[in-house]
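Trainee: test case, fold it:
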Amino acid sequence: MPSMTNFINRCSQLVPANWHAAYAIPLRLIVGYGFMEHGYAKILHGPNAFINILHVLQVPAPFILGWATILVELFCGAAVLLGLFIPLASIPMAIVLLVAIFSVHIPNGFSSIKLLSVDGAGAHFGQPGYETDLLYLAGLAALVLGGSGPLALDRFLVNRLSD
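Mentor: Presented below is the predicted three-dimensional model:
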């Protein structure tokens with residue numbers, strides 16, 4: 001077992017002294033990347049497709065709010081991913097999530113996965129509920145309350161400004 005002990009000791013040296021703050025790294029990665037991916041998908045499929053959806057949902061000023069949503073998803077998502085200004089970036093992100101919950105997902109219930117059927121073509125799913133949006137909100141809340149954690153750009157900036 002000496003080799004296992006050596007392995008554990010080496011791994012523990014990789015963990016920062018404030019290891020409890022390391023929770024923020026996977027949260028930043030999934031929340032930041034998730035938002036950026038949604039914004040990128042809206043750009044890739046044409047922003048007008050998303051703007052038309054907002055129009056059908058009777059969202060006021062769909063052009064302005066459509067572009068605002070895309071920009072929030074891209075830029076605030078990048079800020080969270082990099083650990084930069086998370087308390088500030090989380091405000092428009094939370095607004096986007098809450099609007100999605102109340103304008104789209106509430107009628108579909110809680111669950112994000114609704115298996116309707118399985119056939120030779122594969123699984124067929126129904127409309128997603130608000131579960132995933134709540135998970136994103138919880139991730140943002142954890143980052144705001146607990147901080148951006150190690151390897152965050154805002155820590156680099158604070159150290160740079162204090163020098």
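Trainee: so where's the chain uncertain?
Mentor: For the chain, applying pLDDT under 70 flags the ranges 1-2, 11-18, 159-163.
Trainee: can you show me the strands along it?
Mentor: For the chain, the strands defined by DSSP state E occupy 115-119, 122-125.
Trainee: adding distance to residue 41, write those strands out as JSON lines.
Mentor: For glycine as for every other residue, the C-beta is placed from the backbone atoms N, C-alpha and C. Compiled in JSON lines, the strands of the chain are given as follows (distance: least, CB to CB, whole Å):
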{"stretch": "strand 115-119", "distance to residue 41": "23"}
{"stretch": "strand 122-125", "distance to residue 41": "17"}
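Trainee: nearest to residue 87, of those?
Mentor: strand 122-125 (34.9 Å; CB to CB).
Trainee: who are the packing partners of the closest one?
Mentor: Judged by 3 or more CB pairs under 8 Å, 6 or more residues apart in numbering; DSSP states H and E, strand 122-125 is in contact with strand 115-119.
Trainee: what does the strand it packs on contact?
Mentor: 123, 124, 125, 126 (CB atoms under 8 Å, 6 or more residues apart in numbering).
Trainee: closest to residue 79 out of those residues?
Mentor: residue 125 (31.2 Å).
Trainee: neighbours around that closest one, how many?
Mentor: Residues near residue 125, counting by other CB atoms under 10 Å, number 12.
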